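Peer 1: when you get a sec, could you give me coordinates for this:
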Amino acid sequence: MDSTRPAATGAARGNAVPQRRGAVVAALMLAMALAALDSTIVSTAVPQIVGDLGGFSVFSWLFSGYLLAVTVTLPVYGKLSDTFGRKPVLVAGAVLFLLGSLLCALAWNMAALIAFRVVQGLGGGALQGTVQTLAADLYPLAERPRIQSKLSTVWALSAVAGPAVGGVLAAWADWRWIFLVNLPVGALALWLIVRHLHEPQREKAARPRVDWAGALAVFACGGVLLTALVQGGVAWPWLSAPSVALFSAGLVLAAVVVVVERRAAEPIIPGWVWRRRTIAAVNLALGALGLLMVAPTVFLPTYAQSVLGLGPVAAGFVLCVWTLSWPVAAAHSQHLYRRIGFRDTALLGIGTAALILFAFPFLPYPGEAWQPALLMLLLGAALGFFQLPLIIGVQSTVGWSERGTATASILFCRQTGQTVGAAVFGAVANGVLAARLGGAGDLDSVTRALGEGPAAEATRHAVADAVHAVYLGAAGAAALAFLVLLCVAPRRFPVLPAD
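Peer 2: From the prediction side, this is the model:
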């Protein structure tokens, strides 16, 4: 059942209790801000970076390389944190992230910068997964919504503020400061963790086994498949030889992962992650969340500028309003899931989100900016009631020795869903655009060419239709998440007595 009563004592919980929990929470928020900022901060500085280093044809890998490294390392770091503890994994990830930041600032050409962004991402994977796991270690179930809502707020605000911060630094200083500013902030977070986080002694095997073969196989498989999704339809056509080769290699590597993990004594991705109904259902549901999030985060700014005629700042405001309602709803979700349970609270949230996404195509054309902004405000609230109860619910069904793996699995599925969504919805939008305009084309090139006159008005209608199609697809993803939770997840999560 969904039990939300905290244990009588911290000792009964067996959680990692630092001497100064507030200092550790501050460090976690700083680490989360760094990981979120660096996923978006480079975007507005691309002209300056390309002008200095060249490499325009491959600059997209500044984003893709970082996100791929973060995504494929999440399961590895989750298992390592269960084996060796959260603190050593978080410290190692922070050091690697800061090293990557310093190397990025010293990059001498685009190839070096891309390589160092991958190094950053290797550290960023440890920051994301371990921060979320530690948040559950530090707080009992009744208090987790508070810390998780803080982390959600930091993540949302940092991700939205990233492009603005990057643009200011590139315009008024130098693009290399985008990476140099990470050093003092990261160093402070690292010092707080080293100084104030003290994990209790736990029984450990005399010689911990690390499934390095499985880690390498997972990294290779995830890297190949995600590269195929990220670059397909962009760097080469979907049915071209590179796409077929990458997907084929990814499937072969997936089979290798299954074989290696079945034979491993301590697999990186244990079978129980998918055998337990609760975790499997949440993994699939949050994968669908990653899928549907692509619609507002990627396509709404284009809609706001091309269809509504807003400037970049106003378009960003239309998007960022959901960062106001999401953490507020997440923080108050505990009052609901204490009464009706984790699953039913999430069902209410994702069901409402499906209706909101479905309503978007029915907005008047061209409409006013407050209309999509209102939908985004409501969508943020709905998703706050959906995501947080599922994360807290899963973390409360496992003990300390499994919490890192379980948390990493749901974050990995959400990240993978976003990658798949970007590929799928990008293809959908470009297909609708080509059909409406009577020829080949992609959303980016068409919107950049918008001018005045009848042709421009027809193009705006086509862009609106393309974004509407994406939102309908996102509504379908929300409906899929609803069905998965309804049919697969147990009505009452098997919360451990200690929580």
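Peer 1: lowest-confidence helix or strand of this protein?
Peer 2: Taking mean pLDDT, DSSP states H and E as the measure, the helix or strand of the chain with the lowest value is helix 10-13, at a mean of 38.
Peer 1: phi and psi next, for Gly232.
Peer 2: phi -60, psi 130 (degrees, to the nearest 10).
Peer 1: now for it: which residues touch it?
Peer 2: Gly232 makes contacts with 238, 243, 246, 423, as judged by C-beta atoms under 8 Å, 6 or more residues apart in numbering. C-beta here means a position set from N, CA and C on the backbone, and glycine is covered the same way.
Peer 1: report the contact partners of the second one.
Peer 2: By C-beta under 8 Å, 6+ apart, the residues touching Ser243 are 228, 232, 236-237.
Peer 1: that one - that's part of a strand, no?
Peer 2: No - read with DSSP: H, G, I helix; E, B strand; the rest coil, Ser243 is helix and lies in no strand.
Peer 1: out of the contacts of Ser243, which is most surrounded?
Peer 2: The most crowded member of the contacts of Ser243, judged by other C-beta atoms under 10 Å, is Ala228 (22 neighbours).
Peer 1: quick check: domain ranges of the chain?
Peer 2: Under automatic domain parsing, the residue ranges defining each domain of the chain are 6-198, 270-499.
Peer 1: neighbouring contacts of stretch 105-115?
Peer 2: Contact with stretch 105-115 is made by 49-50, 53-55, 58-59, 61-62, 65, 103-104, 116, 176-177, 179-180, as judged by C-beta under 8 Å, 6+ apart.
Peer 1: now it: buried residues?
Peer 2: For stretch 105-115, burial by neighbour count (16 or more other C-beta atoms under 10 Å) applies to 105, 107, 110, 113-115.
Peer 1: any chance of JSON lines for those residues, columns secondary structure?
Peer 2: Formatted as JSON lines, those follow (three-state DSSP):
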{"residue": "Ala105", "secondary structure": "helix"}
{"residue": "Ala107", "secondary structure": "coil"}
{"residue": "Met110", "secondary structure": "helix"}
{"residue": "Leu113", "secondary structure": "helix"}
{"residue": "Ile114", "secondary structure": "helix"}
{"residue": "Ala115", "secondary structure": "helix"}
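Peer 1: report how many residues lie close to the spatially closest residue to Met110 that is not a sequence neighbour.
Peer 2: Setting aside the residues directly before and after it, Met110 is nearest to Gly55 in space (C-beta to C-beta, 6 or more residues apart in numbering), at 2.6 Å. The tally of other residues near Gly55 (other C-beta under 10 Å) stands at 17.
Peer 1: which residues touch Gly55?
Peer 2: 109-111, 113.
Peer 1: please repeat the previous calculation with a cut-off of 10 Å.
Peer 2: 49, 61-62, 109-114 (C-beta atoms under 10 Å, 6 or more residues apart in numbering).
Peer 1: now those as CSV including pLDDT?
Peer 2: Listed next are the contacts of Gly55 as CSV, based on pLDDT from 0 to 100:
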residue, pLDDT
Ile49, 83
Trp61, 79
Leu62, 80
Asn109, 89
Met110, 87
Ala111, 88
Ala112, 91
Leu113, 91
Ile114, 89
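Peer 1: just those residues now: which is nearest Leu37?
Peer 2: Distance to Leu37 across the contacts of Gly55 (C-beta to C-beta) is lowest for Leu62, with 14.0 Å.
Peer 1: next, give me the two most distant ones among the contacts of Gly232.
Peer 2: Going by C-beta to C-beta, the pair spanning the contacts of Gly232 furthest: Leu246 and Ala423, at 12.1 Å.
Peer 1: common neighbours of those two, please.
Peer 2: With C-beta under 10 Å, 6+ apart, Leu246 and Ala423 have common neighbours 226, 228-229, 231-232.
Peer 1: restricted to strands, list those residues.
Peer 2: Among those, no residue falls in strands (DSSP state E).
Peer 1: ok, so of the residues you listed, who is nearest Gly22?
Peer 2: When those are compared for distance to Gly22 (C-beta to C-beta), Leu226 wins out at 37.1 Å.
Peer 1: hang on, the closest one packs against Ala423?
Peer 2: Yes - counting by C-beta atoms under 10 Å, Leu226 touches Ala423, with 9.5 Å between them.
Peer 1: more crowded one of those two?
Peer 2: Using other C-beta under 10 Å, the more surrounded residue of Leu226 and Ala423 is Leu226, with 23 against 20.
Peer 1: centroid-nearest residue for this structure?
Peer 2: Gln415 (4.6 Å; C-alpha atoms, centre = their mean).
Peer 1: which strand or helix spans that residue?
Peer 2: helix 400-437 (DSSP states H and E).
Peer 1: now the contacts of stretch 105-115: which count as buried?
Peer 2: Using 16+ other C-beta under 10 Å, the buried ones in the contacts of stretch 105-115 are 49-50, 53, 55, 58-59, 61-62, 65, 103-104, 116, 176-177, 179-180.
Peer 1: of all those, which comes closest to Met376?
Peer 2: Nearest to Met376 out of the buried ones among the contacts of stretch 105-115 is Leu62 (C-beta to C-beta; 27.1 Å).
Peer 1: count of neighbours near the residue nearest to the closest one when sequence neighbours are not counted?
Peer 2: Excluding its sequence neighbours, the residue lying closest to Leu62 (C-beta to C-beta, 6+ apart) is Val42, at 5.2 Å. As a burial measure, Val42 scores 24 neighbours (other C-beta under 10 Å).
Peer 1: that'll do, ta.
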